[in-house]
Every structure is written in structure tokens, then in C-alpha cells.
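Participant: Just the structure for this:
(one chain, ligands or ions: 1)
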Amino acid sequence: MHSRRNFLRLSSISLPVLLSTDQFSIKKNKKPIVVATWDSGVSVANKAWEVLQEENGSALDAVHAGAISIENEISCCVGLGGNPDRDGIVTLDACIMDHQFNCGGVAGLERIKNPISVARKVMEETPHVLLVGAGAQQFALEQGFKLESGKLSASANDAYKEWLKDSKYTPVMNIEQTQLRINTKGSGPSAPGIFKDGSFNHDTMGLIALDSKGRLAGACTTSGMGFKMRGRVGDSPIIGSGLYVDNEVGAVVATGQGEEVIRTSGAHLITEFMRQGKSPAKACKLAIERIVKINPTKSRDFQVAYIAINKRGNFGSCCIHPGFSYAVQNEEGSQLHTAPTFF
Ligand code: SD4
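Facilitator: Numbering: from 1, shown residues only. Predicted coordinates:
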């Protein structure tokens with residue numbers, strides 16, 4: 001394991017190299033790599049990496065396993081341990097995509113522990129791409145998933161009770177994080193919001209991978225914005241917004257204010273910038289600039305962050321505000337990087 005200082009040094013040294021070597025040509029030597037959002041992405045990327053090390057370990061199985069590992073952490077913000085909507089119900093969004101444009105997603109899924117696995121079933125067992133709400137749950141049950149109790153985790157319950165005191169509907173995320181968080185590994189409004197009781201305001205796990213056979217895949221899973229309006233769906237289950245994979249080019253995943261990611265079709269936009277020859281870092285930067293350009297004032301109060309890899313295994317990231325970190329796991333080991341920011 002590298003020390004945090006080494007991680008940061010790695011991040012600052014590697015960026016110019018990435019930028020200068022980025023050409024739109026696909027080298028024969030594929031580099032297996034996993035990149036995942038936030039500090040919590042370190043263990044998730046490790047999990048995915050284990051799958052990539054297996055004989056015939058595919059990028060798809062790797063991102064799936066990584067996403068499951070964090071959904072199973074009931075103390076975490078991703079999955080059923082996450083914060084509920086403003087009516088007190090946890091609703092989960094997830095999607096997954098492979099190297100052949102196969103993709104599946106679920107939105108507003110209740111009482112099912114692994115939405116990413118249901119998303120994969122949508123991809124593999126139906127002719128559709130997205131199932132929502134009661135229909136998504138019905139499909140999950142038909143596929144053999146277990147109906148969980150629907151009880152909030154202890155930390156989410158405390159956070160919800162706290163929120164109910166004001167019941168202030170603030171669809172813009174990260175503002176409340178700035179006010180309430182007490183323990184962050186980064187700084188600024190984008191750092192994961194950890195409340196006094198250890199619960200999170202919101203969070204998303206997005207991860208993208210390239211396997212040794214040159215197959216790309218990605219997965220994204222979230223409980224969405226904490227205390228959101230009932231029925232609200234963010235970018236995370238939307239192919240082209242929260243996640244996109246084009247095996248000729250690269251893979252991209254988003255986290256942050258989903259509405260702004262949807263408005264700009266963020267993940268697809270970045271993929272197209274990479275198709276034009278931009279490095280993953282530059283492509284993410286251009287998409288972040290697009291969001292700030294159309295929200296010159298409001299973007300001071302919300303966060304969006306992207307991570308991207310290209311077909312050759314080069315990676316990059318960009319976010320609006322300081323504090324977004326992402327994990328990289330490749331043959332050089334496990335690294336935690338700090339993303340370049342707009343502000
Ligand atoms: C959403 N993009 O529901 C998600 C939230 C998120 O870290 O990424 N949180 O809009």
C-alpha cells in the first residue's frame with residue numbers, strides 16, 4: 001500500500017504523462033485496470049481487481065463484484081444502508097454496462113439488497129434497459145431476490161430523524177454536507193458527507209474496468225440523494241448519464257448532482273470527447289466545464305465528479321469542487337488520487 005502522500009505524488013506526476021501520451025490509437029498491450037469513485041473505492045477496486053486476476057476474469061464480473069461488495073455494507077450509504085427519501089423510504093438506483101453495449105438498470109428499487117445484480121438481470125434476462133419502482137421489485141422477486149424488511153439502518157434512521165426536524169427540501173446536494181459533515185477525508189463541499197453519527201448524506205459507488213482481453217465494463221450503484229423527493233431518480237441508473245461504456249473508446253462513470261449530469265448526458269459526452277482523441281482527464285475536464293458554463297452561479301453550490309478510462313488503460317478525472325477522490329487499482333498497485341477541480 002502506498003502512503004497518502006505517495007498517492008498524491010503519484011497523482012500529480014502521472015497527469016502530464018497521461019496527457020502527453022494520449023493519442024487515439026489502441027496499443028496491443030492491454031492494461032488491466034479498475035477505477036472507482038471516492039475513498040471507499042479503494043476496497044471496491046481491490047475486490048474488482050481480484051476478479052480480474054482470475055483466469056478469464058472479465059471486466060463485467062469485476063465491476064459487478066466490486067459494486068456488490070459495497071452494497072452489502074449495511075453501514076454504508078450505498079445500498080439499503082443509505083439515507084431514505086423524504087418519506088422515509090430507501091430507494092435504490094443502479095446500472096451496469098459491458099463491452100458490447102449490453103446494459104441494464106433499475107431505478108427507485110425498494111427492499112432489495114443488491115440493485116446492481118438486478119440491473120445485470122435486466123441486461124441479461126430481458127429485452128429492456130431500465131425497470132423502475134414496483135415493476136423493478138416485482139422482476140427482482142421473480143428472479144429469486146429476497147425482499148428485505150425495509151427498516152432503515154441505525155445511521156440512516158438517526159440522520160432521517162435529524163432531517164425531519166426541519167424537513168427542509170434541498171434538492172441541491174453538497175450544501176448541507178458542507179454544513180453538517182464533521183469528518184471528511186477531503187475538503188470543500190464535495191467530500192463525502194459523514195454525519196456526527198457516522199451516517200452519510202449521500203453517496204454513489206461508480207467503477208469502471210478494463211480486463212486483460214481488452215474488454216471494458218462499468219457499474220454504478222447508489223441510494224441517491226438523501227431525503228430526495230419521492231420518485232426522484234438521479235443519473236446513476238441512466239445509461240449515457242451516470243455511466244457509459246464504448247469498447248472502441250473508453251468507459252466513464254459519474255457522481256454528484258445527478259440532475260446536472262443528466263442535463264449534459266455526462267458519461268456519453270466524455271466518451272465522445274475521448275473518441276475525438278482527448279485523454280480521459282481532458283475529456284472529463286471539458287464535460288465539467290460544460291456543466292459550469294450552463295450553471296455559472298449554481299455550480300458554486302453543487303458537486304459533480306467524473307472518472308474515465310480509455311481503451312489503453314489510461315485514466316483521468318475532474319470535478320467541480322475540491323474534495324473528490326478516486327481509487328485506481330492496476331499492476332502498479334492500489335492508489336488513491338485527488339481529482340483536479342474547476343474551482
Ligand atoms: C444522484 N448521482 O442520485 C447521484 C448521487 C451521488 O454521491 O452521486 N452521490 O444524483
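Participant: For the stretch 201-343 of the chain, what lies in contact range of the ligand?
Facilitator: Residues of the stretch 201-343 of the chain found near the ligand (CB under 6 Å from any ligand atom) are 202, 203, 204, 222, 224, 225, 234, 235, 236, 255, 256, 258. For every residue, glycine as well, the C-beta is placed using N, CA and C.
Participant: who's the third one bridged to?
Facilitator: In this entry, residue 204 is beta-bridged to residue 222, by DSSP bridges.
Participant: can you list the weak-confidence ranges in the stretch 51-200 of the chain?
Facilitator: For the stretch 51-200 of the chain, residues meeting the criterion pLDDT under 70 lie at 170-200.
Participant: quick revisit: by pLDDT, rank the residues of the stretch 201-343 of the chain next to the ligand and give me the bottom one.
Facilitator: Of all these, residue 202 has the smallest pLDDT value, namely 46.
Participant: Distance from the one helix or strand residue 136 maps to to the middle of the chain?
Facilitator: Secondary structure assignment for residue 136, by DSSP states H and E: helix 133-142. Helix 133-142 has its C-alpha centroid displaced from the chain centroid by 23 Å (CA atoms, centre = their mean, to the nearest Å).
Participant: Would you mind listing the outside residues contacting it?
Facilitator: For helix 133-142, the external contacting residues (CB atoms under 8 Å, 6 or more residues apart in numbering) are 106-112, 118, 121-122, 126, 131, 147, 231.
Participant: and if we set it to 7 Å?
Facilitator: By CB atoms under 7 Å, 6 or more residues apart in numbering, the surrounding residues in contact with helix 133-142 are 106, 107, 108, 109, 110, 111, 112, 118, 131, 147.
Participant: Mind putting the residues of the stretch 201-343 of the chain next to the ligand into a markdown table with secondary structure and neighbour count?
Facilitator: Below are those laid out as a markdown table (DSSP: H, G, I helix; E, B strand; the rest coil; neighbours: other CB atoms under 10 Å):
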| residue | secondary structure | neighbour count |
| --- | --- | --- |
| 202 | coil | 26 |
| 203 | coil | 24 |
| 204 | strand | 29 |
| 222 | strand | 29 |
| 224 | coil | 29 |
| 225 | coil | 27 |
| 234 | coil | 27 |
| 235 | coil | 32 |
| 236 | coil | 31 |
| 255 | strand | 30 |
| 256 | strand | 29 |
| 258 | helix | 29 |
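Participant: which pair in these spans the largest distance?
Facilitator: Farthest pair in those (CB to CB) is 203 and 235. Separation: 13.7 Å.
Participant: Which positions in the helix holding residue 136 come out as buried?
Facilitator: Using 16 or more other CB atoms under 10 Å as the test for burial, helix 133-142 gives 136, 137, 139, 140.
Participant: repeat for stretch 285-298
Facilitator: For stretch 285-298, using 16+ other CB under 10 Å, the buried residues are 285, 286, 287, 288, 290, 291, 292, 295.
Participant: Which one of these is nearest to residue 166?
Facilitator: Closest to residue 166, out of all of these and judged by CB to CB, is residue 295, at 25.3 Å.
Participant: wait, what's in contact with residue 227?
Facilitator: Applying CB under 7 Å, 6+ apart, the residues contacting residue 227 are 83, 85, 86, 163.
Participant: out of the residues you listed, which are buried?
Facilitator: Here, 16+ other CB under 10 Å leaves 83, 85, 86, 163 buried among these.
Participant: In helices only, show me these.
Facilitator: Secondary-structure check on the buried ones among the contacts of residue 227 using DSSP state H: residues within helices are residue 163.
Participant: so can I have TSV of the buried ones among the contacts of residue 227 showing distance to residue 320?
Facilitator: Formatted as TSV, those follow (distance: CB to CB, whole Å):
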residue	distance to residue 320
83	22
85	24
86	25
163	24
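Participant: okay if I get the buried ones among the contacts of residue 227 as a markdown table plus distance to the ligand?
Facilitator: Converted to a markdown table, the buried ones among the contacts of residue 227 look like this (distance: CB to the nearest ligand atom, whole Å):
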| residue | distance to the ligand |
| --- | --- |
| 83 | 10 |
| 85 | 11 |
| 86 | 14 |
| 163 | 16 |
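Participant: Quick check: pLDDT value at residue 31.
Facilitator: 83.
Participant: For it, the count of nearby residues, please.
Facilitator: By other CB atoms under 10 Å, the residues close to residue 31 number 18.
Participant: Next secondary structure element downstream of the strand or helix carrying residue 46?
Facilitator: Assessed by DSSP H and E, residue 46 sits inside helix 41-53. Using DSSP H and E, the helix or strand that follows helix 41-53 in sequence is helix 59-71.
Participant: so what secondary structure elements neighbour that following helix?
Facilitator: strand 33-37, helix 41-53, helix 115-125, strand 204-210, strand 216-222 (3 or more CB pairs under 7 Å, 6 or more residues apart in numbering; DSSP states H and E).
Participant: Out of these, which gets nearest to residue 93?
Facilitator: Nearest of those (CB to CB): strand 216-222, 5.3 Å.
Participant: following the closest one, which helix or strand comes up?
Facilitator: With elements assigned by DSSP H and E, the helix or strand that comes after strand 216-222 is strand 243-246.
Participant: got a list of what residue 251 touches?
Facilitator: 208, 216, 218, 245, 308, 309.
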